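J.: Here is a sequence with its predicted model. Questions after.
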Amino acid sequence: MRVAFIGLGVMGFPMAGWLAREGHEVSVFNRSPEKARRWAETYDGRACESVAAACQGSEAVALCVGTDDDVRAVVPQALAAMAEGGVVVDHTTTSATVAREMSELAEADERFFVDAPLSGGQAGAEGGRLTVMAGGRTEAFERIEPVIGCYAKAARLMGDPGAGQLTKMANQICIAGVLQGLAEAMHFARAAGLDPEGVYHAISGGAAQSWQMDNRWATMTAGRFDFGFAVDWMRKDLGLVLDEAGRNGATLEMTSLVDGFYAEVQSMGGSRWDTSSLAARLNPETTRG
């Protein structure tokens, strides 16, 4: 399939690479041209100087950009250039509102839009093991599913346009709560004079186990946060969550509290630290960034 990929950050770069590995004809665009050129040198693909050039004649266009406004800027350019009946699949985490807007825009142009945010982080993108939660028309999802399957281990259509973004919001609520609980547990263990590694091995085989526990307890304890999903991006996501809750009436007391904790981490200079840096505000003396 002729596929365009727009946005070659820590997620998009390897995701587009999986498409090339799987035999798709891939054209890419990135706001930093040197990154697009580096991608083209690494994989069998074509770097383009504009969104329109990358999307020209494409049957599918994948986006992995930054914000609602980025999506609003890119999608009209993609729709105007791509093949009739083509599908835009947006892997950006955005509001459900913009997903619905872009779906209406695409259908008016006899094309399709699927909102398809991701879970799994940079490691999942590099390993082709992402989880995708999608919103859109069934026929559009079925058409794009083989493309998504190049870099995802699981993809599920959750409902109408916007449903993928709403599901991603639920995902971020869970992550925020788990990370705060883990940060407090490790802080408590230290205050109680327990060996953190011993605590991890004692509780990780039971009901407390989580991906975050397995992958973040050690770096939390060591005060290392110079990796992973940045606090700035998490706060963007939680802002979307809290805005949506304001519309649908959901009570998100814990999420609002943890968002405030992340604001404290930002004030400590941790804007680009991993989301596990919630531990830094509890143990600032051990934090090395």
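T.: Yes, it's here.

J.: mind listing the strands in the protein by residue range?
T.: 2-6, 25-29, 46-47, 60-63, 87-90, 112-115, 118-119, 130-135, 152-159 (DSSP state E).

J.: Relative to Phe188, which of these is closest?
T.: strand 118-119 (27.8 Å; Cβ to Cβ). Using the backbone N, CA and C atoms, a C-beta is placed for each residue, glycine as well.

J.: List the buried residues in the helix or strand bottoming out on mean pLDDT in the chain.
T.: None of the helices or strands of the chain scores lower by mean pLDDT, DSSP states H and E than helix 121-127, at a mean of 95. Buried residues in helix 121-127, counted by 16 or more other Cβ atoms under 10 Å: 121, 124-126.

J.: And for stretch 208-218?
T.: For stretch 208-218, by 16+ other Cβ under 10 Å, it's 210, 212-213, 216-217.

J.: so who does the nearest residue to Lys236 once chain neighbours are set aside touch?
T.: Closest residue to Lys236 in three dimensions, ignoring its sequence neighbours and counting by Cβ to Cβ, 6 or more residues apart in numbering: Thr67, at 7.2 Å. Residues in contact with Thr67 (Cβ atoms under 8 Å, 6 or more residues apart in numbering) are 92, 94, 236.

J.: Neighbour-wise, which one of these leads?
T.: Comparing the contacts of Thr67 on neighbour count, Thr94 comes out first with 29 neighbours (neighbours: other Cβ atoms under 10 Å).

J.: need the strands of the chain in TSV with mean pLDDT and distance to Pro196, can you?
T.: Output for those, formatted as TSV (pLDDT from 0 to 100; distance: least, Cβ to Cβ, whole Å):
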stretch	mean pLDDT	distance to Pro196
strand 2-6	98	41
strand 25-29	98	43
strand 46-47	98	46
strand 60-63	98	40
strand 87-90	98	40
strand 112-115	98	39
strand 118-119	97	27
strand 130-135	98	29
strand 152-159	98	31
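
J.: Nearest to Asp259, out of these?
T.: Per Cβ to Cβ, nearest to Asp259 of the strands of the chain: strand 118-119, 18.8 Å.

J.: The least confident helix or strand of the chain: how far from the chain's middle?
T.: Relative to the centre of its chain, helix 121-127 is centred 10 Å away, using Cα atoms, centre = their mean, to the nearest Å.
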